[in-house]
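Undergrad: Just to be clear, the model below is a prediction. Sequence and coordinates:
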Amino acid sequence: MGDYHRARDLLKDAMTYDTGMPTLHVLKTIVATELAQILDDQTLLKHTLDNDVLEMAFGSGEPRRIGPIITAFAKIAIGRRQSQRARSLITRGIAAIPEDNQAAHVGELLAMAARYGSSSDATRARSLLEARVRLPNPSVAQAYLELWETYAALASRSKNRAQGSARQAAAIFAQLGWKHQEAEALALVGIVRDSQTYKNTTKSLPVLGDFQQALTSREQQVAELVLQGLTNRDIAEILSISKYTVESHVASILNRLGLRSRWQLMHVSTKSLVQG
């Protein structure tokens, strides 16, 4: 949601617990490195940057772990002008992505390959994104494909093309409610938004109108994605939760709104419920 200071507070609280599980170590490092760069918090970066976590992520064999950690470390390398290290990281990350990847967790890595990866990495990254765009519910992949185009345009110094692609990516991220990614896309072409703009804000759902107040913040997120036609699996990928958790949220949403199916939810208007 772009509430970076609150996210840092939550992370610091999480770090007070002694959690030795590799998965949790990887997750905390991903969040910490991203926040440290956004907030320019070198102390946070110093205490969380651990190269061993890369091997933990690759040891898991899960793209949803590998993609974000490679992206975070590559950004650090780019910021330090270590272009060769960034390219090496991206190459290793791209090689670990299967052909049937869903793009939600590795999209940024695929996009960055257009500018910071090798030509073969860039080509494969675009191919993976294009393949996902051709499948149902392509919004996430389409956003990252536009981001790929942004990076490619920046690499070729095509300013106008970069701005157009960045705005397209930002618009799709905005529709998804991904405020952080929206801001990151715009920042690539010099459009900077104050993170406070996003603090403690959850977009209302115009199509739900008065009924949105009956839902929790998480249920509003799930409802918005349902209304975009996404499946439970897609929603789980986007929100980084299990499919069963999504199913539970959908059931709760329907119960709160007095509906029998998700298809009725698709017909909710500001003033009335139209039976599907």
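TA: Noted; the coordinates are in hand.
Undergrad: Strands of the stretch 1-150 of the chain, residue ranges please.
TA: For the stretch 1-150 of the chain, strands defined by DSSP state E, counting those that start in this stretch do not occur.
Undergrad: buried ones in the helix or strand harbouring residue 256?
TA: According to DSSP states H and E, residue 256 maps onto helix 243-257. By neighbour count with 16 or more other C-beta atoms under 10 Å, helix 243-257 contains the buried residues 246, 249, 250, 253, 254, 257. Where C-beta positions appear, they are placed from N, C-alpha and C, glycine not excepted.
Undergrad: Name the member of the residues you listed with the shortest distance to residue 161.
TA: Within the buried residues of helix 243-257, proximity to residue 161 (C-beta to C-beta) peaks at residue 246, which comes in at 36.7 Å.
Undergrad: what about the closest residue to residue 243 other than its chain neighbours, which helix or strand?
TA: Excluding its sequence neighbours, the residue lying closest to residue 243 (C-beta to C-beta, 6 or more residues apart in numbering) is residue 236, at 4.5 Å. Applying DSSP H and E as the criterion places residue 236 in helix 232-239.
Undergrad: Now do that helix and helix 243-257, the angle between them.
TA: Helix 232-239 and helix 243-257 meet at an angle of 100 degrees, taking axes from the mean of the first three to the mean of the last three C-alpha atoms, to 10 degrees as the criterion.
Undergrad: Give the other helices and strands that helix 232-239 contacts.
TA: Applying 3 or more C-beta pairs under 8 Å, 6 or more residues apart in numbering; DSSP states H and E, we find helix 232-239 packed against helix 139-155, helix 217-227, helix 243-257.
Undergrad: helices and strands around the last one, which ones?
TA: Packed against helix 243-257, as judged by 3+ C-beta pairs under 8 Å, 6+ apart, are the following elements: helix 217-227, helix 232-239, helix 262-265.
Undergrad: on that earlier part again, tell me which of the helices and strands packed on helix 232-239 sits nearest to residue 91.
TA: Nearest of the helices and strands packed on helix 232-239 (C-beta to C-beta): helix 139-155, 15.4 Å.
Undergrad: For the closest one, which helices and strands make contact with it?
TA: Contact here means 3+ C-beta pairs under 8 Å, 6+ apart; on that basis helix 139-155 packs against helix 107-116, helix 119-133, helix 159-176, helix 179-187, helix 232-239.
Undergrad: If you average the pLDDT over the second one, what comes out?
TA: Meaning helix 119-133. Taken as a whole, helix 119-133 has a mean pLDDT of 93.
Undergrad: Could you do the longest one as well?
TA: pLDDT averaged over helix 159-176 equals 91, rounded to a whole number.
Undergrad: what sits up against that helix?
TA: Helix 159-176 has contacts (C-beta atoms under 8 Å, 6 or more residues apart in numbering) with 139-140, 142-144, 146-147, 149-150, 153-154, 179, 181-183, 185-186, 188-189, 191, 225, 228, 238.
Undergrad: residues of that helix that come out buried?
TA: Under 16+ other C-beta under 10 Å, the buried positions of helix 159-176 are 162-170, 172-174, 176.
Undergrad: And the shortest one, by the same measure?
TA: For helix 232-239, the buried set under the neighbour-count rule, 16+ other C-beta under 10 Å, comprises 232, 234, 235, 236, 237, 238, 239.
Undergrad: which one of these is nearest residue 119?
TA: Nearest to residue 119 out of the buried residues of helix 232-239 is residue 237 (C-beta to C-beta; 28.7 Å).
Undergrad: wait, isn't that closest one in contact with residue 105?
TA: Yes - if you go by C-beta atoms under 8 Å, residue 237 and residue 105 touch, sitting 7.0 Å apart.
Undergrad: Touching both of the two, which residues are there?
TA: Listed as contacting both residue 237 and residue 105 by C-beta under 8 Å, 6+ apart are residue 64.
Undergrad: What distance do you get for residue 182 to residue 5?
TA: Separation of residue 182 from residue 5 (C-beta to C-beta, to the nearest Å) stands at 18 Å.
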